[in-house]
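Enquirer: structure here, sequence nowhere to be found:
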């Protein structure tokens with residue numbers, strides 16, 4: 001499974017998911033590459049155990065990455081909307097897709113900035129108090145703890 005952070009000059013339309021057999025996630029609401037990698041691994045495990053929420057693996061990754069069992073909520077959290085900052089997932093990311101939407105690979109879209117940090121806390125229901133109990137005072141430590149707490153919420157989907 002390829003995980004490719006992209007910056008696209010033209011935000012992809014929803015039909016691109018069907019046309020290219022890929023999944024697109026809003027990179028603005030993703031806490032780094034490890035967030036997506038963990039969601040992919042959790043989706044694989046869910047299929048192996050017969051605990052998958054969706055019959056479609058790429059939708060399962062979306063659901064896992066969003067840390068919710070509700071596909072509608074997952075789309076609200078991680079759907080691409082009108083942004084060109086995306087994470088593309090698939091066996092292959094077709095060159096035709098990249099050309100059509102003027103996309104280039106860009107790891108910067110996965111960086112957790114102060115603004116993104118605040119947004120991620122809100123989206124995933126994580127409080128600053130939770131983070132402070134585990135993190136040092138510096139921002140990088142807080143970001144690392146935030147990432148771990150998001151992964152914990154993803155893992156807890158199996159316990160629900």
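Expert: Okay, I see it. Quantities reported herein were computed from a predicted structural model and do not represent experimental measurements.
Enquirer: give me the neighbour count for residue 154.
Expert: 22 (other C-beta atoms under 10 Å). No exception for glycine: its C-beta is placed from N, CA and C like everyone else's.
Enquirer: for it, give me its contacts.
Expert: With contact taken as C-beta atoms under 8 Å, 6 or more residues apart in numbering, residue 154 is in contact with 38, 39, 42, 64, 65, 67.
Enquirer: how near is residue 6 to residue 69?
Expert: 27 Å (C-beta to C-beta, to the nearest Å).
Enquirer: out of those two, which sits in the busier spot?
Expert: With neighbours defined as other C-beta under 10 Å, residue 6 and residue 69 compare such that residue 6 has more, 23 against 13.
Enquirer: make sure that one is indeed in a strand.
Expert: Yes - judged by DSSP: H, G, I helix; E, B strand; the rest coil, residue 6 forms part of a strand.
Enquirer: now do the same for it: its pLDDT.
Expert: Looking at residue 6, its pLDDT reads 98.
Enquirer: nearest residue to it other than its sequence neighbours?
Expert: residue 103 (4.3 Å; C-beta to C-beta, 6 or more residues apart in numbering).
Enquirer: hang on, that neighbour packs against residue 7?
Expert: Yes - between residue 103 and residue 7 there is a contact at 6.8 Å, judged by C-beta atoms under 8 Å.
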